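[1] only geometry, no sequence info:
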């Protein structure tokens, strides 16, 4: 293969989203013909945004896209297809009640001839080694089959440049191996493939070259064969930054929540948590590190009583040593047991709060069952609490009657955290508590969490920024693909250790 | 209006903060424009001048004391049905089965009046009427709710079907109880004994109006100040949040539809026991559907519904007057109501979104 | 005595308006629009045809009617009227993103009022000198049966004894079924109703599909009203005579689980059920007739519940039915 010919060249690409930081800043990247390029970076480093601009979902604010030597404008996925670019997104875009063939031809022009299309699909499958049952309905398919349909859909449209956004996140090792074989076949055929990932071992096994993004900026690229996992990790996470987050010594840490052999499957039967065991102590912050989608969400939901658990035990230990089994309890039953459990979920406005309600009414979400009357709500207590939260956490809001969806991200989070800690929780679960927040708000949230720790709560802190985890948490549990790869001491570990634990499926 | 792509002539963006004043200004403008259009349509049909048209409309609704009372009574019934549907709508359950639930309430009341005359004292009959009509409405409302809770059956379609089943049940009993035989009508029930006639308070219109006031106040308090009302809001806004705080969504759906159906049954009771003293398949006169719009136009706000139901009944009665004055068909009212509804429905868009035009474009759609 | 040969043609005549209505509504619902305005649209389709025919009959001396124009003018007026209703619905729900239920119900209020108003006031408004709207001349062209109807015995009675619109209804529903199942347009339309975001991502113009499907659906449904008044009712308009057939058409959509070809037989079945009471032995107990009339609705409800219980994906309502689509503005 003529490995040096350049298929796509991105020049000085910049993209900003309203109200947030730069998603991509002056990125330069070349994709060569007939190569598999890995795009590596942490969550939020701008990998997907960059590729979305190539596939016509977004339009860059500045910069050029050059394809086969010609500068082009890509306004829609259709434009991208016309230029031979196809992207397989993380969230599949398939019509459930259609079969594979119908989905593959959806949106094309011309007379509908499913028999011909099927032949063409068969030819593509034979050529690259896909296995596809063209008559199977999407809703009957496994995740891996759906992914195959998406890839074939892209090839059917004649794509020469394929972009796969974290394709292995949803696959089993066997399925991953098969996908890689197919990718190698496509490469042999002269196609260029970009695979977005943060799994280093996969990068080593599949790609020719790896390009690294960090915080929206292009850090560098190198031949995979010349680089080690350590080098890649260093480039991905960058130099250690000192954040100066407080970490008081735990006072009298005693077991509070004991999770044993917890296994959770999702609706499609994919294992999301695999035999997870750990103990969270009172007066301690237990960090949970892991690539996104490795079971963090399910773990918190399971403890909060929102997940259907296949097997395992979740035991709550009272101060006097009595224990309660939380598994199989609804959130309401848990609170009726007298277990003060608070949960700051990832989806703030879709789950933690009601966007159209004002701050006071949102305070009521947790407390509305209380009050002296059986029938009427107590409006005063939540209003007082709202006032207190606004005052103490310096929530910027016109007044208490403003719907929370009109507040900025940081203020929304303050309202949510403020409510959740108001009940003096014995267990505090937080998921990505500082995502999207500015520096000041973030530090305020860290302080609040530390306060709870000092008050003797067992805090479970799911985070994505390794620097924060390393400085804030007493102990850090690392998840990889639903399994615990280790629990380390936050004071002695460093982010490189964590990084490698996150990317290698442990034997634990 | 099919949009031509390429260079859009206008941008649509969500209003960051549609404050109440802007919202009401837009709504009032829409109502004014719709009234002007109604005036023009009436002018075309009658050849009369606009001022006298609106004078006639007003005369039709409030011209005499009796007319004013009847108008208020109509408003009261429509308001009760609208309020009944509101808790369901607030939790995003599209109960378009008001017709059926009202009919079933009315049917139960009529059944008590007819079968228990001369058997039980009047007070007991009335008590039974109240209990059974509320119960019948509740049952008619809870059936689709159970389907929804168990199997997520589309409630718009199921409540719609329940309407016609109720209509045919009423048609069936109309013939069972017809007086005289073969007339296909029940006629005034208990004309002489007045058993089961709800008592007159002051005059014969006031009872419904008082009930409507009580229900309005009650619904306002229920939705705003009670735990159940709060649960309804949370379920309607976000199922995820509801489950997160441990609300049993299915239970709330069933409980709310029992309430919604029972209040519809109450409206049926008033129609049969208090106002018409008979039952026909058309006794609801489509108000179960009109109520959907009344409730929605008021943004599910009980106090707002007083005004929306008044607006609808006012136009309806006024247009009837025009039809009579110019010997036109009574359905003229429906046309005018339709026009007003279209404008108010359409104007919500301009409350939620801001439309900004490119410089070269001048056309706008109201 | 019960005679099948006499019963079937009557069931068919009852069924044809329902077939038009349900075919139109199915096409509409396939685009994700739940148009509860169909009952109103059918009234508008009927009255617009009547208005067209009325003015045509008034403008030419009796006996001089041109057969083509007598059919063409009412047909065109009817299509135009229901098209405008469809356009209104789309403008409100697709462009202005209004609630579909509320818009549909408002259209039904308006449409039925429009039909009854002009039906009741047309003569006065037009200043014509006739006692009632009775378009028997025009109607004769609509209800003209196929040539061999009277000479082929039971076969002719059952299959040939209908006006041309009845055959149009069947042809339209067959074409609709074919288009939905076998063509790219149908595939795209189903995708729009199922998952508009995915359809949009695949480059399908969701707005265009919704507009076209809904307007076309309304035009087809309007023909049901036209058939009823010009053929079945022999050109005589009487207010509210069309009754609740519009709602029955919506019920039929559910009953046929969104398949227009199934609609052909189902509509005749519903038509039969609608008049079954005339044939069932009820002796002096005429009240049971009313219970028989309930059957279509009960059956439809049962079908709706069973399909939602079984959860077989193909038989569910289009997934986005009743919700409006707009791209997330970010």
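    Nice, I can see it. Since this is a predicted model, take the numbers as computed values, not measurements.
[2] can you pull out the helices in the stretch 151-300 of chain C?
    C:153-155, C:164-182, C:184-194, C:196-201, C:206-227, C:245-255, C:260-276, C:287-310 (DSSP state H, counting those that start in this stretch).
[3] looking at these, which is nearest to chain B?
    Closest to chain B of the helices of the stretch 151-300 of chain C is helix C:287-310 (CB to the nearest CB; 3.7 Å). Every residue, glycine included, has its C-beta placed from N, CA and C.
[4] packing partners for that closest one?
    On a contact count with 3 or more CB pairs under 8 Å, 6 or more residues apart in numbering or on different chains; DSSP states H and E, helix C:287-310 meets helix B:122-151, helix B:155-176, helix C:245-255, helix C:260-276.
[5] spatially central residue for chain A, please.
    residue A:292 (3.5 Å; CA atoms, centre = their mean).
[6] that residue: what secondary structure?
    Using DSSP: H, G, I helix; E, B strand; the rest coil, the structure places residue A:292 in coil.
[7] residue A:109 now?
    coil.
[8] for the helices and strands packed on helix C:287-310, state which one has the densest average packing.
    When you average the neighbours per residue for each of the helices and strands packed on helix C:287-310 (mean count of other CB atoms under 10 Å in any protein chain shown), helix C:245-255 leads with a mean of 26.
[9] and that one, does that touch chain B?
    Yes: applying CB under 8 Å from any CB of the partner chain, one finds helix C:245-255 in contact with chain B at C:247, C:248, C:250, C:251, C:254.
[10] isn't the residue nearest to the centre of chain A up against residue A:464?
    Yes: using CB atoms under 8 Å, residue A:292 is in contact with residue A:464, at 6.7 Å.
[11] how about residue A:458, what does it touch?
    A:256, A:257, A:280, A:281, A:282, A:283, A:284, A:286, A:426, A:427, A:428 (CB atoms under 8 Å, 6 or more residues apart in numbering or on different chains).
[12] how about residue C:300?
    B:161, C:251, C:252, C:254, C:255.
[13] now residue 171, nearest residue through space, not along the chain?
    All of this is about chain A. What sits nearest to residue A:171 in space, not counting adjacent residues and going by CB to CB, 6 or more residues apart in numbering or on different chains, is residue A:144, at 5.5 Å.
[14] I was thinking of chain B, sorry if that wasn't clear
    Leaving aside its sequence neighbours, residue B:171 sits nearest to residue C:290 (CB to CB, 6+ apart; 3.9 Å).
[15] count of neighbours near that neighbour?
    21 (other CB atoms under 10 Å in any protein chain shown).
[16] residues in contact with residue 124?
    Unless you meant another one, I'm taking chain A. A:130, A:152, A:155, A:156.
[17] that's the wrong chain, I meant chain B
    Residue B:124 neighbours (CB under 8 Å, 6+ apart): residue B:116.
[18] one more pass at 10 Å, please.
    For residue B:124, the contact set (CB atoms under 10 Å, 6 or more residues apart in numbering or on different chains) comprises B:112, B:116.
[19] do the same with the one 5 residues further on
    For residue B:129, the contacting residues are B:105, B:108-113, B:116, B:196-198, B:269, B:272-273, by CB under 10 Å, 6+ apart.
[20] which one of those residues is nearest residue A:351?
    Nearest to residue A:351 out of the contacts of residue B:129 is residue B:105 (CB to CB; 38.8 Å).
[21] for the helix or strand hosting that closest one, packing partners?
    Secondary structure from DSSP states H and E places residue B:105 in helix B:98-116. Helix B:98-116 sits against helix B:65-90, helix B:122-151, helix B:155-176, helix B:249-269, helix B:287-297, with contacts defined as 3 or more CB pairs under 10 Å, 6 or more residues apart in numbering or on different chains; DSSP states H and E.
[22] can I get these in a markdown table with distance to residue B:101?
    Shown next, in a markdown table, are these (distance: least, CB to CB, whole Å):
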| stretch | distance to residue B:101 |
| --- | --- |
| helix B:65-90 | 7 |
| helix B:122-151 | 5 |
| helix B:155-176 | 8 |
| helix B:249-269 | 3 |
| helix B:287-297 | 7 |
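[23] what's the most distant pair in the contacts of residue A:458?
    A:286 and A:426 (13.9 Å).
[24] which residues in the stretch 201-350 of chain B form helices?
    Going by DSSP H, counting those that start in this stretch, the stretch 201-350 of chain B shows helices at B:206-225, B:227-237, B:239-244, B:249-269, B:287-297, B:302-325, B:332-352.
[25] for chain A, which residue gets nearest to chain C?
    Proximity of chain A to chain C (CB to the nearest CB) peaks at residue A:107, 3.1 Å away.
[26] gap between that residue and chain B?
    16 Å (CB to the nearest CB, to the nearest Å).
[27] confirm for me that that residue is in contact with residue A:153.
    Yes: counting by CB atoms under 10 Å, residue A:153 is a contact partner of residue A:107 at 9.3 Å.
[28] does anything pack onto the helix-or-strand element of chain C with minimal mean pLDDT? Which helices or strands?
    When the helices and strands of chain C are compared on mean pLDDT, DSSP states H and E, helix C:153-155 comes out lowest with a mean of 81. Other helices and strands packing on helix C:153-155, by 3+ CB pairs under 10 Å, 6+ apart, are helix C:4-30.
[29] do the helix it packs on and chain A meet at all?
    No: on the criterion CB under 10 Å from any CB of the partner chain, helix C:4-30 is out of touch with chain A, staying 11.9 Å away.
[30] just the buried residues of that helix, please?
    C:7-30 (16 or more other CB atoms under 10 Å in any protein chain shown).
[31] quick one: residue A:31 is in a helix?
    No: counting by three-state DSSP, one finds residue A:31 to be strand, located in no helix.
[32] and it, what does it touch?
    When contacts are taken as CB under 10 Å, 6+ apart, residue A:31 is in contact with A:6-10, A:37, A:39, A:54, A:67, A:85, A:161, A:163, A:192-194, A:209, A:211.
[33] quick one: residue A:25 and chain B, what's the gap?
    Separation of residue A:25 from chain B (CB to the nearest CB): 26 Å.
[34] so that residue touches residue A:215, yeah?
    Yes: the criterion here is CB under 10 Å, and residue A:25 meets it with residue A:215 at 8.1 Å.
[35] can you list residues touching both of the two?
    Common neighbours of residue A:25 and residue A:215 (CB under 10 Å, 6+ apart) are residue A:46.
[36] quick check: phi and psi on the closest residue to chain A within chain B?
    Nearest residue of chain B to chain A: residue B:246, at 3.2 Å (CB to the nearest CB). Per-residue torsions, residue B:246: phi 80, psi 20 (degrees, to the nearest 10).
[37] quick one: residues contacting it.
    Applying CB under 10 Å, 6+ apart, the residues near residue B:246 are A:304-306, A:329-336, A:365-366, A:369.
[38] point me to the residue of the stretch 151-300 of chain C nearest chain A.
    residue C:202 (3.1 Å).
[39] now that residue: how far from residue A:89?
    Spatial separation of residue C:202 from residue A:89 under the definition CB to CB, to the nearest Å is 12 Å.
[40] between the two, point out the one with more neighbours.
    Taking other CB under 10 Å, residue C:202 and residue A:89 do not tie; residue C:202 has more neighbours (22 against 18).
[41] excluding chain neighbours, what is closest to that one?
    residue A:107 (3.1 Å).
[42] list phi and psi for that neighbour.
    Torsion angles, degrees, to the nearest 10, at residue A:107: phi 90, psi -10.
[43] picking that back up, columns mean pLDDT on top of the helices and strands packed on helix C:287-310, output as JSON lines?
    Shown next, in JSON lines, are the helices and strands packed on helix C:287-310 (pLDDT from 0 to 100):
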{"stretch": "helix B:122-151", "mean pLDDT": "95"}
{"stretch": "helix B:155-176", "mean pLDDT": "92"}
{"stretch": "helix C:245-255", "mean pLDDT": "89"}
{"stretch": "helix C:260-276", "mean pLDDT": "89"}
